[in-house]
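Asker: Predicted model and sequence below, questions to follow.
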Amino acid sequence: MRKGIVALAVLSAFSGAALAQSSVTLYGIVDVGYQWNEAPTNVGTTAAPRISQESWNAINGGYQSGNRWGLRGSEGLGGGWNAIFTLESGFNIDTGTQGQSSASASGGRLFGRQAYAGLSSGLGTLVAGRLATFSSGTGDFDMFGRVDPFSTGFGLASLGSTFISANSLRVDNALAYRSPKFAGFQAGVGYSTRIDGAETAPQDTNISAFISGLSWELGPFYAVATYDQLNNIGSNPDQKHLQIGGVFTIGPFSINAAYADQSNIAAIERQPQIGSGSFQPLPPGISNYDASAYMIGGAWTLGAFRFMASYQWSDADGKNVRSPTTGAVVNFEPDYSVFGIGATYNLSRRTNLYAGYAFSDADGTLNSDTFDRSQFALGMRHLF
C-alpha cells in the first residue's frame, strides 16, 4: 500500500511537470473604424468604360493592423527543446468573412495568416507550414516590419505600397529555419515547394520560392536585408526582391529608411481601398518590368501619443512595347509615390485610438485618373 502511494506521488509529480511545461495561448487583434476613400471607378459600362475619381464612406477594419485571432502552443520536451505551433486566422470585422483567400481551387483559408508547427531550442527554430516571410512585415518570423514607421499598417501609408515583399508576402508548403541571436545578428532561410495551394505533378508546374533574411541590432540601431525569389514556371523569368532597411532611435524619435531592388514584376503594385486587392495587371504586350523602391520616414513618441510619417516612391525601368491595337511603339514606365501621416493614442496597454491619411500620386507613364488614390481613417485597435 505504501509503495503504491509513493508510486502515485511520483507519477503525479511527473504529470504536473509535463503539464507545467505545456501551454496554449489564445491571442488576437480587433481593429475597426471609419474610412473615407477616393479612387478610380468605372462610372460607365463594360462596353464603354469611363474612369472617374469617386469617393465613398465605409465602416472598415484592419487599417492599423489586420484583424486576426490565433492559437499559439508550446510544449517542453527536455534538454532545452520545445515543440511549437501557431494557427492564425484573419477576418474582416465589417462583414465577418475570412480575411485571406486563395488562388488555388481550395478557396478561402481558415488559418490564412499563419499555420505552422516545429521545434525550437537554443540552436534556433525550425518550422513547416504556411508562413509569412522574413520580408513580409507581418507574422512570427518577420524581420522587416520595424523598418516602417507604420509597422506595415495604416492602409495606403504602409511600406507594402511600394515594397512588394513587405506587402504581407506569405508562402504555402514552406520549410524555414531562424537562428538565435548572436552578437546582435539573426538569420533566417526557407524554401516553399509551391507558394499558393497544394503541389501538383510534375514538380516544375509549381511556383516555388526561396526566402531569406539577415538582421543586426546594436543599441539604438537596427538594420536588415531580405531576399526573396519566386521561381516561375515555363519561360517566365523568376521574380526577385531584395529589401534593405534600417532604423535609428534617438530617445522618443526614430529615423527610418529602406530600399528595394525588384525585378521581373508581373503586376503594378498599388494599394486601393481595403479588400479589393493590391495589384494592377500590366498592359497588353508587357509581361514584367523592373523597379526600385525607396522610403524615408520617422516617428515621434510623446506620452500616450505616437506620430508617424513617411514618403516612398517606386522608380520603374522604362520599357518600349508595340501596342497590339495600333501597332505604335509606346513607352511603359509605371512610377508612383506615396505620402502618409498617422497618429495613435494609447487608452491602455492593449487599446488605442488611431488616425491616418495617405495618398498615392502617379508619375512616369501612369495615368493619374486611373491610378491616384487617397485614404483617411479613424478607428480603434484592441489587442487580446
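Answerer: Good, I have the coordinates. The structure presented is a predicted model; accordingly, all values stated were derived computationally and were not measured.

Asker: mind listing the helices in the protein by residue range?
Answerer: Taking DSSP state H, the helices of the chain run over residues 2-20, 368-371.

Asker: In the stretch 151-300 of the chain, where is pLDDT below threshold?
Answerer: Across the stretch 151-300 of the chain, the stretches falling below the confidence threshold (pLDDT under 70) are 269-279.

Asker: just to revisit the earlier point, lowest-confidence stretch among the helices of the chain?
Answerer: The stretch with the lowest mean pLDDT among the helices of the chain is helix 2-20, at a mean of 46.

Asker: For the residue nearest to residue 134 when sequence neighbours are not counted, give me its contacts.
Answerer: For residue 134, ignoring the flanking residues on the chain, the nearest one in space by Cβ to Cβ, 6 or more residues apart in numbering is residue 213 at 3.0 Å. C-betas here are computed from N, CA, C, even on glycine. Residues near residue 213 by Cβ atoms under 8 Å, 6 or more residues apart in numbering: 133-135, 143-144, 187-189, 224-227.

Asker: Equivalent analysis for residue 379, please.
Answerer: Under the criterion of Cβ under 8 Å, 6+ apart, the neighbours of residue 379 are 31-34, 61, 63-64, 353-354.

Asker: Would you mind measuring from the most centrally placed residue in the chain to residue 343?
Answerer: Centroid-nearest residue in the chain: residue 168, 1.8 Å away (criterion: Cα atoms, centre = their mean). Here the distance between residue 168 and residue 343 works out to 23 Å (Cβ to Cβ, to the nearest Å).

Asker: Could you do residue 364 as well?
Answerer: Distance of residue 364 to residue 343, computed by Cβ to Cβ: 32 Å.

Asker: Those two: who's more crowded?
Answerer: Using other Cβ atoms under 10 Å as the criterion, residue 364 and residue 343 rank with residue 343 on top: 19 against 15.

Asker: Disregarding flanking residues, what is the spatial nearest neighbour of that one?
Answerer: residue 307 (5.0 Å).

Asker: just residue 225 next, same as before
Answerer: In space, residue 225 is closest to residue 244, 4.8 Å off (Cβ to Cβ, 6+ apart).

Asker: got it, and residue 26?
Answerer: Spatially, and ignoring its direct neighbours in sequence, residue 26 is nearest to residue 71 (6.1 Å; Cβ to Cβ, 6+ apart).

Asker: Next: residue 298.
Answerer: Closest residue in space to residue 298, ignoring its immediate chain neighbours: residue 255 at 5.2 Å, by Cβ to Cβ, 6+ apart.

Asker: Run a quick neighbour tally on the one you found.
Answerer: Residue crowding around residue 255 was assessed by other Cβ under 10 Å; the count is 15.

Asker: What of residue 90?
Answerer: Counted with other Cβ under 10 Å, the burial measure for residue 90 works out to 24 neighbours.

Asker: Same check on residue 253?
Answerer: As a burial measure, the neighbour count of residue 253 was computed by other Cβ under 10 Å and equals 11.

Asker: Could you report the distance from the residue nearest to it when sequence neighbours are not counted to residue 256?
Answerer: Leaving aside its sequence neighbours, residue 253 sits nearest to residue 300 (Cβ to Cβ, 6+ apart; 5.5 Å). With the distance defined as Cβ to Cβ, residue 300 ends up 12 Å from residue 256.
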